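# sequence and computational prediction follow.
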Amino acid sequence: MPLVVALALWLLYWIAGFPLPNWDDLFFVGGAIELARDGHLANPLIRFWSPVAAERYFFQTPFYPYTLAGWIELFGLSARSLLAFQAVAGATCSISAALLLRRYGFSGGFVLPILVASAMAPQGLRHDLLGLTFLMSGLWLLSHLGVLRPLLGALLLACGVATWPVLLGYGTSFGLAVALAAGRRPGLSTKQHAARRLGICLAGAAGAFLLLIAFIQLRLPDFLTDFTWHARLRRSPLSHLLPELRHQLTNGLAELMFSPLYLMILVLVVLIGIHWRQVRREALVFLVALGAGTVLTVLLYASVLHLLVDLFFWIGVAVLLGEVPLSKGARRLATGGAVCAFLLAQSHLLISLASQRPAPEERYVETRQILSRRPLRRLAIDEVAARHVFDYRLPPRAFSWNYSLPPQKTWPASVSEKSPDVTWVLSSAKSREVQGLPPWGKMKLFGRELGSIPAQPRDVIVIE
């Protein structure tokens, strides 16, 4: 059942154009496009953000660029191809996680495609989903006995953490839990079994490190310089942890949208604490791994609270609802409450999809015709133009508008900052952030205008 649900859902997501464009798409796919085009691991699309990007692309680990470049070599470069890559990764992730839950007797695997897809739909073409796919596939293989499959699982698990480093917390906690929970071979003591499984994990991590070294062509000092510099830009110091958490929990309607999830997790933890003698050992291990992974993740990177932590919390709800001793009526009531809480948490996405109007294809054709008459001008393009106007077949003179300035200023604040020899090709919704652009239409729901959601986020304007 999870296999059918995952394949059907991700096929529908692919047909519908998921995931949606995200503002840093070109930061993440640019390296893969350049690698597939001429075998050079660089990202000229962000050369104005950091000049070193035209020489090498070491701001993230190279696992995503190399994997995506291989896909492009096989299936070509286009929006449909890149979205298919995400769909295949999402289906693989969902199926692997469902198989892992089933291996330990947990229910809820059939909802995993929905949980993963809803978390990743707003993330665009980032590396997040591939990292999560490696992680889940690795955990499932690691849960087997023997050597070869667990060794491959440990390798994939380490590659998942390397692909999306914020997975370190959950990768460590669940990796150790799965590695040590596997059945023991006859004749091995508990200590020997633990040493054997930890050795397999270390061997997998060593294999991932060797792959990293090969991908960066032994240029470890350059990689560490660029990667740690970018990490410092993205990660807040530990002293900022509480303000960051306060912001994540109170920004916009966060209290209304996400508080029910945290309340459900808290109630489930209390119930398991009260009835722990009636709860299976596997559920207790899962809960400990979930808690340890959450603490490590928040300490590492608190700003992923509403992405990574919430995703694992939803998985926790799906798993633990079937483990807490409840009457049939109480379980139905709790399940209904969980569904309502999930829909509330996804309300922004659901309202956007239900009410936003797609831009007509003729608009993109007209934009391409306008640009074809100006072949020598440099083009600053955003994620919407890259997907819908150029189909990711970007001309050499193009670069990312979102990364057209140094890191201290992610995007221009005003049209006055535009160079006279550059043409901007942008989503009309960018006028929310940039002074001087034509006003953007706000979405209306039941006759009421919603100030934060554009009516046509994929409409494109050309500013010369």
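Perfect, I can see it now.

# ok, residue 88 to residue 204 distance?
Per C-beta to C-beta, to the nearest Å, residue 88 is found 23 Å from residue 204. (C-beta placed from N, C-alpha, C; glycine too.)

# higher neighbour count, the two?
residue 204 (25 against 17; other C-beta atoms under 10 Å).

# give the contact list for residue 216.
The neighbourhood of residue 216, defined by C-beta atoms under 8 Å, 6 or more residues apart in numbering, consists of 41, 58, 62, 222-223.

# nearest to residue 294, of these?
Relative to residue 294, the closest of these is residue 62; by C-beta to C-beta it sits at 28.5 Å.

# next, work out how far apart that closest one and residue 400 are.
For residue 62, the distance to residue 400 - C-beta to C-beta - is 19 Å.

# so the two - more neighbours on which side?
Neighbour count, other C-beta under 10 Å: between residue 62 and residue 400, residue 400 has more, with 27 against 24.

# ok, how many other residues are close to the nearest residue to the more buried one once chain neighbours are set aside?
Nearest non-adjacent residue to residue 400, counting by C-beta to C-beta, 6 or more residues apart in numbering: residue 26, 4.1 Å away. Counted with other C-beta under 10 Å, residues neighbouring residue 26 total 29.

# show me what the helix or strand hosting residue 26 is packed against.
Element membership for residue 26, per DSSP states H and E: helix 25-38. Applying 3 or more C-beta pairs under 8 Å, 6 or more residues apart in numbering; DSSP states H and E, one finds that helix 25-38 contacts helix 63-75, strand 398-400.

# winner for burial among the ones you listed?
Most buried of the helices and strands packed on helix 25-38, by mean neighbour count (mean count of other C-beta atoms under 10 Å): strand 398-400, with a mean of 24.

# contacting residues for the nearest residue in space to residue 417 that is not next to it in sequence?
Of all residues beyond its chain neighbours, the one nearest residue 417 is residue 405 (7.7 Å), with distances taken as C-beta to C-beta, 6+ apart. By C-beta under 8 Å, 6+ apart, the contact list for residue 405 reads 48-49, 411-412, 417.

# select from those residues every entry located in strands.
Counting by DSSP state E, those place none of their members in strands.

# show me where the stretch 1-150 of the chain dips below the pLDDT cut-off.
Scanning the stretch 1-150 of the chain for pLDDT under 70 picks out 1-2.

# which pLDDT value belongs to the residue nearest to residue 417?
For residue 405, the model assigns a pLDDT of 90.

# A helix includes it, no?
No. Assignment of residue 405 by DSSP: H, G, I helix; E, B strand; the rest coil gives coil, placing it outside any helix.

# contact partners for the residue nearest in space to the middle of the chain?
For the chain, residue 128 is the residue whose C-alpha lies nearest the centre (C-alpha atoms, centre = their mean; 2.9 Å). Contact analysis of residue 128 by C-beta under 8 Å, 6+ apart lists 120, 164, 307.

# run a quick neighbour tally on residue 251.
Residues near residue 251, counting by other C-beta under 10 Å: 10.

# measure it to residue 429 for me?
The value you get for residue 251 to residue 429, if C-beta to C-beta is used, is 19 Å.

# go on, residue 153?
Distance from residue 153 to residue 429, counting by C-beta to C-beta: 42 Å.

# so the two - more neighbours on which side?
residue 153 (25 against 22).

# next structured bit after the host helix or strand of residue 135?
Under the criterion of DSSP H and E, residue 135 resides in helix 128-142. The helix or strand immediately downstream of helix 128-142 is helix 148-163, counting by DSSP H and E.

# what is the orientation angle of that next one with helix 128-142?
160 degrees (axes from the mean of the first three to the mean of the last three C-alpha atoms, to 10 degrees).

# now residue 381: phi and psi?
Dihedral pair for residue 381: phi -120, psi 150, per degrees, to the nearest 10.

# now do the contacts for it.
Residues in contact with residue 381 (C-beta under 8 Å, 6+ apart) are 26, 389-390, 394, 398-401, 424-426.

# output the residues you listed in TSV; the columns should cover distance to residue 455.
TSV is the format used below for the contacts of residue 381 (distance: C-beta to C-beta, whole Å):
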residue	distance to residue 455
26	24
389	19
390	23
394	27
398	27
399	28
400	25
401	21
424	21
425	20
426	16
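
# so residue 35 touches residue 66, yeah?
Yes. If you go by C-beta atoms under 8 Å, residue 35 and residue 66 touch, sitting 6.8 Å apart.

# overlap in contacts of these two?
By C-beta under 8 Å, 6+ apart, residue 35 and residue 66 have these common neighbours: residue 41.

# if I look at the residue nearest to the centre of the chain, how far off is residue 275?
As for residue 128, its distance to residue 275 is 36 Å (criterion: C-beta to C-beta).

# re earlier: so for residue 138, which of the helices and strands packed on helix 25-38 sits nearest?
Residue 138 lies closest, by C-beta to C-beta, to one member of the helices and strands packed on helix 25-38: helix 63-75, at 12.6 Å.

# following the chain onward from the closest one, which element is next?
Assignment by DSSP H and E places the next element after helix 63-75 at helix 79-103.

# can you list the buried residues in that next one?
Under the neighbour-count criterion of 16 or more other C-beta atoms under 10 Å, helix 79-103 has 79, 81-101, 103 buried.

# what bits of the stretch 301-450 of the chain have low per-residue confidence?
Looking at the stretch 301-450 of the chain by pLDDT under 70, you get 354-358, 443-450.

# residue ranges of the helices in it, please?
310-320, 328-345, 347-355, 361-372, 383-384 (DSSP state H, counting those that start in this stretch).

# packing partners for the fourth one?
It stands for helix 361-372. strand 422-427, strand 460-463.

# do the last one as well
With contacts defined as 3+ C-beta pairs under 8 Å, 6+ apart, the packing partners of helix 383-384 are strand 422-427.

# chain center to the strand it packs on, what's the gap?
27 Å (C-alpha atoms, centre = their mean, to the nearest Å).

# quick one: list the elements packing against that strand.
helix 361-372, strand 378-381, helix 383-384, strand 460-463.
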